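In: could you work out the structure for the sequence below:
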Amino acid sequence: MVARILLLLLAGGLAAAGLSFSTPAGWRSTPPASTQRVAQLTLPHADGDAEEAEHVVYIIGGSGGGVEANMQRWVGQMQQPDGAPSAAVAKRETRQVNGLRVTLLDVSGTYVAETAPGAATHHDNAGYRLRAGVVETPAGPYYLKLTGPRKTVAKWGQAFNEFIASMRMP
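Out: Alright, predicted model coming up:
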């Protein structure tokens, strides 16, 4: 299935063509939980995991903090069982995908992000993995965030890479 997202930039009243991508087989599209989410996908759990993983594609008005700020924020959403800094174990790479610069992050540990932006409550999910990225496009940056049990995220690793490789602007 190919998803094409068109965004209306309300402040300028202009329509901007959006990022398109192929949704891997087995991933299920679900209604976005917020207006910033342009796609929300559920990845079925691996054998032995009780929970599914979630992959979100979103766009934030303005800069969204830029690549470096998002990498640091995402790394901060993971804690290591031994107390070591997550930045020490996080893997980061930058790819060119169909003319788009994509910076990716991969880090495992205990997922401790806020349950909602600005919320006082936080997740406390041990054994999780976070794969996230910033896609720099002419229409502005898109953000990707895949979170779930480590085994489930690993099960869908090749599909995640195919998702990344399929991204393009019209």
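In: lowest confidence element among the helices and strands of the chain?
Out: strand 2-9 (a mean of 38; mean pLDDT, DSSP states H and E).
In: nearest residue to the spatially most central residue of the chain in space, please, no chain neighbours.
Out: For the chain, the residue sitting closest to the mean C-alpha position, by C-alpha atoms, centre = their mean, is Lys145 at 1.4 Å. Spatially, and ignoring its direct neighbours in sequence, Lys145 is nearest to Ala132 (4.5 Å; C-beta to C-beta, 6 or more residues apart in numbering). In short, each C-beta sits where N, CA and C put it, glycine included.
In: mind checking what secondary structure the one you found has?
Out: At Ala132 the chain is in strand, as set by DSSP: H, G, I helix; E, B strand; the rest coil.
In: number the chain from 339, please
Out: From this message on, residue numbering opens at 339, which makes the last subject Ala470.
In: and Ala388, how far from Ser446?
Out: Counting by C-beta to C-beta, to the nearest Å, the separation of Ala388 from Ser446 is 17 Å.
In: which of these two has more neighbours?
Out: More crowded of Ala388 and Ser446, by other C-beta atoms under 10 Å: Ser446, with 20 against 7.
In: residues in contact with the more buried one?
Out: Contacts for Ser446 (C-beta atoms under 8 Å, 6 or more residues apart in numbering) come out as Met416, Val427, Gly465, Tyr466, Arg467, Leu468, Arg488.
In: cutoff 7 Å now
Out: For Ser446, the contacting residues are Tyr466, Arg467, Arg488, by C-beta atoms under 7 Å, 6 or more residues apart in numbering.
In: verify the contact between the second one and Val491 for me.
Out: Yes - using C-beta atoms under 7 Å, Arg467 is in contact with Val491, at 4.0 Å.
In: which one of the contacts of Ser446 has the most neighbours?
Out: Highest neighbour count within those: Tyr466, with 25 neighbours (other C-beta under 10 Å).
In: A strand includes that residue, no?
Out: Yes - counting by three-state DSSP, Tyr466 is found in a strand.
In: how close does the closest residue in space to it that isn't next to it in sequence get to Ser360?
Out: Residue nearest to Tyr466 in three dimensions, not counting chain neighbours: Tyr449, with 3.9 Å by C-beta to C-beta, 6+ apart. Distance of Tyr449 to Ser360, given as C-beta to C-beta: 27 Å.
In: ok, now Ala451?
Out: Distance from Ala451 to Ser360, by C-beta to C-beta: 27 Å.
In: quick one: low-confidence residue ranges for the chain.
Out: By pLDDT under 70, the weakly predicted segments of the chain are 339-355, 399-402.
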